[in-house]
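In: Got a sequence here, can you model it:
(2 chains)
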Amino acid sequence: MAVKSSAAETATMNVGQVIREYKADPGALLEILRDIQEVHGYLSKDIIEEVADGLNIPASRVYGVATFYTLLATEPKGKYIIRVCESPPCHIRGAVNVLETLQELLGINPGETTKDKKFTLELTSCLGVCGVAPAMVIDDRVYGNLTPERVKEILEEYS
Amino acid sequence: MSYFRAHVLVCVGTPCMLKGAGAVKDALGREIDRAGLGDEIRVVETGCLGPCDEGPVIIVYPEGVMYSKLKPEDISRIVQEHLLKGRVVEDLVYREKAGEARPVVSLEEKGYLDRQQRIVLRNCGRIDPDSIEEYIANDGYEALGKVLTSLTPEQVVAMVKDSGLRGRGGAGFPTGLKWSFTAGVEADHKYIICNADEGEPGTFKDRLILEGDPHSIIEAMAIAGYAVGASQGIVYIRGEYTLSIERLRKAVARAKELGLLGEGIFGTDFNFDITIRTGAGAYVCGEETALIESLEGKRGEPRIKPPYPGVAGLWGKPTVVNNVETLANIPPIILKGAEWFRSIGTETTPGTKVFTMLGDINNQGLIEVPMGITLRKVIYGVGGGIPGGKGFKLAQTGGTSGGCLPKEFLDLPMDYDTLAEAGSALGSGALLIIDDSHCIVDILCCFMKFFRHESCGQCTPCREGTARLYDLLHALTLGEAGRNEIRLIRELCQAMQLSSLCGLGQSAPNSVVTALQYFEDEIYRHAAGECPAGVCRGLSPKLRAKVI
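Out: Purely as a prediction, here's the structure:
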């Protein structure tokens, strides 16, 4: 995740505040959505409508942007988001085994969240740490040189 | 500035941090204090040194000795022996895995960097990226001073044109020509955008340049601004690159403090400012018009060209979009001249290229070598060969949008034109080396899965094509496709190359097209129910079906 903006540091912030922070500039829509998500976890239908009103643009445009970028979410996610790199350098170094281990241990498929709302499993494109492939990231933390055993150990750290 | 007898540079690039560089650095601080050397030895955090799979790595200057695979408990020996007594700790010194097993004692004179030529990475691993003073001490901001005080904008554009520098983001368009388009347009506002939305799988050169030498990019953007008449610079950087964002923010703030950005730079009437914007995870935003759309707060969907951004870009204003690596070449060209730059590399593509070597290769990591180097020299020279005694199967140059080159191409001098002729691309410089234990269809499937996800969905050939190509290839791995499907794959590839709107869709089938050319037999065997490499689970490796 990007470095937090000053707006996102205030947990009590509301959507209107963020919009004012960016002077209601529709050009800053991405930054506005990221700051809001930083606090609320995801972009609900209500939030999308509020942003659209605040910027005086159609809600469809806000929704279009919110669903275009992988770092923005329109559904609630688990407490921890696990992203497994599925790009070719990781693939040839065994990313499939890593993914299968995670699916087995968590009992979910990519794109799903565990019933206890603890983990969301996702696939991601290159994380740029190919020197330690295969790799995954849990929230902001990157883990490299993964094996099924190592994945098990890492998951235990989060339980 | 106080004087230090020695500097210890600790690589804090992401791969080294993952391997425990943080603990190594803490141990260094502790041991140096314990030995009472705190006033004599300075510990500096620096950007990537290259041999990423050998991390954590440190270098002790002035000798330039590189130590690798360090654990915190090794540090006391290095401090006691090397820093106190001046004796190199031989068994901890970085050694290349294959070839002669001698330690790389001096980074400058022998070994790892010996077969490289560093222009873009000139400061990476040598200076503290957070210190503008160290950058300045290494000729930093001298090129900016030179252009502002002694050259006209036209002269700067001419110099970059004469150097023959071509864009390092992938397309290889001549940089000087790009600048001249924007310089030639009258407008109240112009923009310089640094494209740091590095998303090509297997590429992390821009991240390492930004982490290791952020000021070189700031300086180059200001030079570009002067050359084309722009006063506003924007760095569009991948949202995932937390460390690069932080370093760059600090660097911009320091440059502003010292008056190297802002108003009246170097006492002239030239103003230039830089803002940093972060992406939100979309590969297609590396395409320059998609990037501009994203900067305007929209979905990152490419625009139809022309008009090109050089004439009508961000907010409809003339905009130069340059890749990080391209920009890093600018200050040395200004200081050393176009002639000097032309003397490196090949005739049509002067200069060096930063490659990231990945996959089945002994020395994974980042290298910078002159253009025109052959695959064989990269793989068996700097790269140290293929591990486990396996054979070379193919190299994919240029990232996932590049082609698959078999061993017949090992001696091809690599530059933009030769690789394009071979059906591949130099692209971003990612070199994925694949050994003979892998299956071509399985690998193509993985490439296409990536494009299926990253296609922005705007144009039909790419949106539908990437998905259908994946389906067809996947069916081949399961033994559910035959010769008819292979014919469909060929037709689909051609349709996508000819009719997709942007470079993503046009280049997505490159790997499949080249594979159909160079690994035809292996692909047809899948149609007959056999996977020769024994990778595809649905197929038999032993079946000796008569094919073709």
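
In: What ranges does chain A have for its strands?
Out: Secondary structure of chain A (DSSP state E): strands at A:80-85, A:119-124, A:136-138, A:141-143.

In: closest one to chain B among the ones you listed?
Out: Chain B lies closest to strand A:141-143 among the strands of chain A, at 6.0 Å (C-beta to the nearest C-beta). Bear in mind the C-beta positions are built from the backbone N, C-alpha and C, glycine included.

In: what packs against the closest one?
Out: strand A:136-138, helix B:14-18 (3 or more C-beta pairs under 8 Å, 6 or more residues apart in numbering or on different chains; DSSP states H and E).

In: Buried residues in that strand, which are they?
Out: A:142-143 (16 or more other C-beta atoms under 10 Å in any protein chain shown).

In: Over to stretch A:78-86?
Out: A:78, A:81-86.

In: List the contacts of the closest residue to B:Gly391 other than its chain neighbours.
Out: Counting by C-beta to C-beta, 6 or more residues apart in numbering or on different chains, the nearest residue to B:Gly391 once its immediate chain neighbours are dropped is B:Asp436, at 4.3 Å. Taking C-beta atoms under 8 Å, 6 or more residues apart in numbering or on different chains as the criterion, B:Asp436 is in contact with B:390-393, B:533.

In: B:Ile434 contacts B:Leu358, doesn't it?
Out: No. Look at B:Ile434 against B:Leu358 with C-beta atoms under 8 Å: they stay out of range, at 9.8 Å.

In: which of these two has more neighbours?
Out: More crowded of B:Ile434 and B:Leu358, by other C-beta atoms under 10 Å in any protein chain shown: B:Leu358, with 30 against 24.

In: How many residues are close by the closest residue to chain B within chain A?
Out: Nearest residue of chain A to chain B: A:Gly131, at 2.9 Å (C-beta to the nearest C-beta). Each residue near A:Gly131 was counted by other C-beta under 10 Å, and the total is 30.

In: For it, which non-adjacent residue is closest in space?
Out: Here the residue nearest A:Gly131, using C-beta to C-beta, 6+ apart, is B:Cys52, at 2.9 Å.

In: where's the one you found relative to B:Tyr61, distance?
Out: 21 Å (C-beta to C-beta, to the nearest Å).

In: Okay, helices next: where are they in the stretch 401-548 of chain B?
Out: Secondary structure of the stretch 401-548 of chain B, counting by DSSP state H, counting those that start in this stretch: helices at B:416-421, B:440-454, B:460-478, B:483-499, B:503-507, B:510-518, B:520-527.

In: residues touching the closest residue to chain A within the stretch 401-548 of chain B, list them.
Out: Per C-beta to the nearest C-beta, B:Cys446 is where the stretch 401-548 of chain B lies closest to chain A, at 4.4 Å. B:Cys446 sits next to A:86, A:88, A:91-92 when contact means C-beta under 8 Å, 6+ apart.

In: export the strands of chain A to CSV and tack on mean pLDDT and distance to B:Gly233?
Out: Shown next, in CSV, are those (pLDDT from 0 to 100; distance: least, C-beta to C-beta, whole Å):
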stretch, mean pLDDT, distance to B:Gly233
strand A:80-85, 92, 31
strand A:119-124, 92, 29
strand A:136-138, 91, 30
strand A:141-143, 83, 29
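
In: Residue 22 - how many residues pack around it?
Out: By default, I'm working from chain A. 19.

In: To clarify, I was referring to chain B.
Out: 15.
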